[in-house]
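**Student:** Using only what follows, build the 3D model:
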Amino acid sequence: MKTSRANKGQFSVIAALLVSVILVTAVISTYTMVRHAPLQDSPKVLTAIGEMNADIKQILDFTVGYYGSILKVTGNSTYARGLTTSYLSSGLVNIARSHPEWNPSFELNSQKVSTRWFMPVSYSRGSINITYSLEALGIEGVIFTTSSALSVEMLNSSSPDIARINVTRDNSEPELGLNYENFWFYKYNYDDSTWELVNPNPTDVIISSNGTYTITIPSGVNQDAYSVQVEDDRGLIVSAFYSLESVVSASKIPHYTYTFDWDASGMLDIYQDLSTDNFAIEVLQNGTLKWLGQPLELTSNERPIPPVAIKAFHVNATIGGITQEVPFQVEDWASDYMVPLGLSSNQSIFNNNNMLVFLVNDTVDEITLWWDGDDEVIQTPYAWENKYFNDDVLTDPDNGQLSNGLLDLTVSIVDPFPFGDPEFRVTSTMGGSTCTAEFLRINNESPIFWADTAYVIYDGVVRDIFQQEPEYRDGAPGCPNFYAQVFLTLPANTPYYTYTARIIFVDSEQSRGILDLSAVQLAGLSGTLLTEDGTDGVYPLNSTSADLFYDGYPTGWDHHWSQISSGNSGAGLMFTNATNQNLYLFDSMAGNKTGALNVFSSGIEFNPVEDGLSHPVIGYTDALEVTWSGAVVTFNSEPIYTSSANEHVGLWVMVEYPPTVGVN
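**Tutor:** The predicted model follows:
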């Protein structure tokens with residue numbers, strides 16, 4: 001039988017197709033057999049690797065969230081990293097225990113967690129590189145790298161009561177799964193000086209497809225500057241900060257700017273001839289700025305300071321259009337800022353026991369408080385480096401020497417010879433001028449000081465702080481059941497140190513009689529006496545008399561300073577209006593004028609109960625806490641007041657007309 005070439009070719013094609021069908025069928029059959037073979041390990045391997053990778057990713061998510069939770073409470077990134085590493089290790093152990101049939105083992109090649117908080121652009125994120133083996137499955141040396149992140153960007157808003165917040169997660173993917181419960185706004189409670197986290201209303205949250213959330217700001221939250229915490233379903237948390245100035249600036253650096261008005265009275269520039277008018281400004285968590293125990297007047301709403309890590313802060317001063325970083329210090333206090341504890345650790349969170357202190361004078365236009373929210377930030381040396389002080393308090397604590405570059409103090413515990421109880425004295429010297437001060441005499445009994453002086457801060461950044469606890473032999477005569485405290489500060493480059501004398505009267509079953517109460521006594525002075533005795537317009541009326549200077553009871557507060565000087569050398573007291581009013585606190589109890597400045601030829605006394613024999617405070621049993629704050633000034637070139645009839649120059653303006661402050 002013969003076949004044509006055409007038929008032969010057709011057979012070849014058919015044969016090739018048959019072979020192809022057989023091969024394809026064989027491959028499919030083989031794959032099906034492999035896939036369903038009970039002894040085949042490949043699917044188990046793929047499943048195990050996928051599950052292991054997912055478990056490691058979840059542990060990383062938890063780890064980043066855990067790190068943020070620790071930082072939120074402590075602010076200590078070193079401590080948080082140590083605990084986080086332990087937490088991650090424990091997580092890997094738990095993974096191994098949950099799959100004993102695989103006999104897993106892990107080698108951690110690298111791990112990183114980091115945060116950037118209380119910034120207009122903030123995040124929490126972490127990454128891990130790990131090598132693992134599943135020996136029971138014959139798997140060895142699998143290298144797995146993964147990351148976890150939650151990022152928050154505060155956007156500008158056209159409405160002051162609306163927050164616009166863009167939220168992304170891993171690989172910058174929009175986070176679309178959040179609701180009102182995932183957003184917490186920081187609300188400051190002024191009653192107890194704490195931050196509270198509050199959610200917006202459920203209906204006040206609108207989400208866009210790019211991960212931007214439009215949220216009505218909850219009631220009570222400062223709309224000018226606020227912080228918000230975002231938490232996702234993995235437990236990652238991020239705290240971000242908004243103020244218009246911070247969001248629109250190119251640097252995106254969060255900040256508060258304090259603008260100082262040195263001529264708020266509208267009078268002539270009475271600061272222009274001064275060179276030693278340095279103010280030690282205290283900034284509290286609630287946004288208050290204080291000077292000599294009295295809040296400065298703010299021309300705008302105060303801005304509470306967020307719970308930022310203390311190491312993050314910086315302070316810039318703008319003088320004549322030039323801005324540069326300046327020294328400051330953050331301090332720890334207790335009992336509502338009445339008990340100084342020392343400099344704050346840079347590994348802690350700014351809270352209601354902290355105050356931030358910096359120096360200003362009339363050349364300063366603005367102070368900018370700003371912070372870097374990176375958890376790896378290194379504290380600026382402007383917050384810890386001593387540039388001004390030359391102190392020696394360790395060699396002889398009973399005669400401690402403090403020097404701020406302008407004023408020298410000798411802090412002494414003196415035993416009067418041949419008999420007497422130890423007395424606490426502070427002697428200040430500037431050039432040839434010297435002044436000695438004692439504190440808290442009650443019913444003509446000077447206190448006893450058995451304990452050494454506590455030098456809370458020495459060789460400080462912008463000021464030293466020291467304190468003493470007065471005691472009274474068998475209690476002050478006729479005045480039982482009270483406690484007393486004195487703390488003093490020495491700011492850098494000032495001709496003054498400050499004092500705060502504090503008395504805490506407790507409820508008493510025994511009746512008290514106060515015939516004499518002197519908060520501070522200056523001695524060792526000589527020269528011309530000069531005391532403010534009211535004002536004429538904006539300038540002081542001055543008296544050169546040795547006299548008792550009462551107020552205009554029941555109204556009028558006429559005295560803020562007094563000095564004794566020879567030429568431009570001498571010493572005196574200055575105090576603000578708040579303390580001026582506390583000088584007369586007991587007048588209403590006595591039913592007449594009893595509080596007064598007592599100015600005599602060699603000294604000045606600040607006496608809340610001066611005329612106790614004629615107008616005593618008797619029968620008093622209630623609880624009362626009172627403080628008197630002021631400045632002891634020792635000068636050899638720039639007096640509190642220049643006595644020339646045609647001049648009104650002097651440091652008196654610091655207490656009579658302190659600057660007003662705007663906050664942005």
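**Student:** gap between stretch 369-378 and the chain center?
**Tutor:** Computed by CA atoms, centre = their mean, to the nearest Å, the chain-centroid distance of stretch 369-378 equals 13 Å.
**Student:** contacting residues around that stretch?
**Tutor:** 71, 77, 80, 114-119, 122, 241, 253-258, 283, 305, 308-309, 311-316, 356 (CB atoms under 8 Å, 6 or more residues apart in numbering). No exception for glycine: its C-beta is placed from N, CA and C like everyone else's.
**Student:** Now do the domain split for this structure, please.
**Tutor:** Per automatic domain parsing, the structural domains of the chain span 42-114+126-143, 151-248, 257-383, 399-658.
**Student:** Between these, which one is closest to N390.
**Tutor:** For the domains of the chain, the distance to N390 is smallest for domain 399-658, at 4.5 Å, taking CB to CB.
**Student:** Helix or strand next in line after the lowest-mean-pLDDT helix or strand in the chain, which one?
**Tutor:** Sorting the helices and strands of the chain by mean pLDDT, DSSP states H and E puts helix 5-36 at the bottom, at a mean of 36. As assigned by DSSP states H and E, the chain's next helix or strand after helix 5-36 is helix 42-74.
**Student:** List the buried residues for that following helix?
**Tutor:** Buried residues in helix 42-74, counted by 16 or more other CB atoms under 10 Å: 48-49, 52-53, 55-57, 59-72, 74.
**Student:** how many other residues sit next to Y472?
**Tutor:** If you count neighbours by other CB atoms under 10 Å, Y472 ends up with 20.
**Student:** go on, N607?
**Tutor:** Count around N607 with other CB under 10 Å applied: 22.
**Student:** partners of it in the sheet?
**Tutor:** Beta-bridge partners for N607, by DSSP bridges, are A596.
**Student:** H615 against G595, yeah?
**Tutor:** No: H615 lies out of contact with G595 (CB atoms under 8 Å); the separation is 9.8 Å.
**Student:** Between those two, which is the more surrounded one?
**Tutor:** G595 (27 against 19).
**Student:** which residues touch that one?
**Tutor:** Counting by CB under 8 Å, 6+ apart, G595 has contacts Y550, D551, L583, Y584, L585, F586, D587, N607, P608, V609, E610.
**Student:** roughly how far apart are it and Q581?
**Tutor:** 10 Å (CB to CB, to the nearest Å).
**Student:** same check, this time on Y641
**Tutor:** To Q581, Y641 is 21 Å away according to CB to CB.
**Student:** who's more crowded, the two?
**Tutor:** Set Y641 next to Q581 and count neighbours by other CB under 10 Å: Y641 wins out with 24 against 13.
**Student:** Do you have the strands of the stretch 501-650 of the chain handy? List them.
**Tutor:** In the stretch 501-650 of the chain, the strands defined using DSSP state E, counting those that start in this stretch lie at 512-514, 517-523, 528-536, 539-543, 547-549, 561-566, 569-574, 596-600, 603-607, 617-620, 624-635.
**Student:** Deepest-packed of those strands, please.
**Tutor:** Among those, ranked by average contacts under mean count of other CB atoms under 10 Å, first place goes to strand 569-574 (a mean of 26).
**Student:** mind checking how far that strand is from the chain centre?
**Tutor:** Counting by CA atoms, centre = their mean, strand 569-574 comes out at 33 Å from the chain centroid.
**Student:** Render the CA-only coordinates of that strand in PDB, please.
**Tutor:** Listed next in PDB are the C-alpha coordinates belonging to strand 569-574 (Å, rounded to 0.1, in the frame of the first residue of the first chain):
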ATOM      1  CA  SER A 569      25.900 100.900  95.900                       C
ATOM      2  CA  GLY A 570      23.500  99.200  98.300                       C
ATOM      3  CA  ALA A 571      20.800  96.600  98.600                       C
ATOM      4  CA  GLY A 572      17.100  96.200  99.000                       C
ATOM      5  CA  LEU A 573      13.900  94.200  98.300                       C
ATOM      6  CA  MET A 574      11.700  93.900  95.300                       C
END
